[in-house]
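> When you get a sec, could you give me coordinates for this:
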Amino acid sequence: MAMEALRQSEDLQAIQNGVRQMEAGEGMPIDEAFQKIDGALVAKYGQ
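I've put the predicted structure just below:
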């Protein structure tokens, strides 16, 4: 039960940090993020 509460607390903190970054204009558009991830996976594993 304590581990679950800790995980939830960490998840909430991560979400709050993401919202702060987005509001400050520090985030990356989702399309750009997916392109970056896709490029990294193709580079590592091929098509």
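> just the helices in the protein please.
2-23, 30-45 (DSSP state H).
> Just send those helices back as a markdown table, with mean pLDDT and mean neighbour count too.
For glycine as for every other residue, the C-beta is placed from the backbone atoms N, C-alpha and C. What follows is these, written out as a markdown table (pLDDT from 0 to 100; neighbours: other CB atoms under 10 Å):
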| stretch | mean pLDDT | mean neighbour count |
| --- | --- | --- |
| helix 2-23 | 95 | 10 |
| helix 30-45 | 95 | 10 |
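> residues contacting Met6?
That one is not Met; residue 6 is Leu. Residues near Leu6 by CB atoms under 8 Å, 6 or more residues apart in numbering: none.
> ok, so what distance separates it from Arg20?
21 Å (CB to CB, to the nearest Å).
> And Pro29, its phi and psi?
Here is the backbone geometry of Pro29 (degrees, to the nearest 10): phi -60, psi 150.
> what does Ala24 give?
According to degrees, to the nearest 10, Ala24 has phi -90, psi 0.
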